[in-house]
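**Q** Got a sequence here, can you build the structure:
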Amino acid sequence: MDFIETIKTDMYSAMKLGQKEKVNTLRTLLAKLKDFQINEKKSLTKQEGISIIRTLVKQHTESIEMYKKASRKDLAEKEMAECEILNTYLPQMMNEKSIRELVQIVISETNADKISDIGKVMPLVMQRGGGTVDGKIANKILREILG
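**A** From the prediction side, this is the model:
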């Protein structure tokens, strides 16, 4: 079953169970995924779907912060719930220890030895991580090792 079909199936299950919040979140996600397909005039790959979900999660996270600052706890909780639903469709992220190991392997392979080498190491780390590497953590580790 492809990525969109999985989400549709989950949405229909949520409808049957009366989980309105999950249904609304998945409807929004499906709309974003279909918009992408229409705009790009091609089928969606799983990696592209994950990228779209990450963007939505980032938007929800930013909204949560704004609502908290505005003392709108009710809206922040709604955004958090939607964010949790979206996170179930993302692959498990690598932990810091695994990212550190990957960074060290790439550094040794590329013979990077100074901070200016981040530009050639970082893309390889992200590519080999296959969407499971947190770029901020990887960058921090790189700066720590090369800096």
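**Q** which other residues reach the host helix or strand of M66?
**A** Using DSSP states H and E, M66 sits within helix 46-69. The contact list for helix 46-69 (Cβ atoms under 8 Å, 6 or more residues apart in numbering) reads 2-4, 28-29, 32-33, 36, 73, 75-76, 79-80, 82-83, 86-87, 89-91, 131. The way it works is simple: take the backbone N, C-alpha and C, and place the C-beta from them, glycine included.
**Q** Select from those residues every entry located in helices.
**A** Secondary structure of the contacts of helix 46-69 is defined by DSSP state H; positions in helices are 3-4, 28-29, 32-33, 36, 73, 75-76, 79-80, 82-83, 86-87.
**Q** just curious, which of those residues is nearest to Q19?
**A** When those are ranked by distance to Q19 (Cβ to Cβ), E82 comes first, at 12.1 Å.
**Q** from what I can see the closest one touches E21, true?
**A** Yes - E82 lies in contact with E21 (Cβ atoms under 8 Å); the separation is 7.1 Å.
**Q** Among the two, which residue is more densely surrounded?
**A** Between E82 and E21, counted using other Cβ atoms under 10 Å, the more crowded position is E82 (23 against 13).
**Q** where's that one relative to T61, distance?
**A** According to Cβ to Cβ, to the nearest Å, E82 stands 11 Å off from T61.
**Q** Spell out for me which residue occupies the centre of the chain.
**A** With distances taken as Cα atoms, centre = their mean, the residue of the chain nearest its centroid is R54 (2.9 Å).
**Q** how far away is that one from Q19?
**A** Distance, R54 to Q19, by Cβ to Cβ: 23 Å.
**Q** Give me the mean pLDDT for the helix or strand harbouring K140.
**A** Assigned by DSSP H and E, K140 falls within helix 135-146. The average pLDDT within helix 135-146 is 89.
**Q** Great, nothing more from me.
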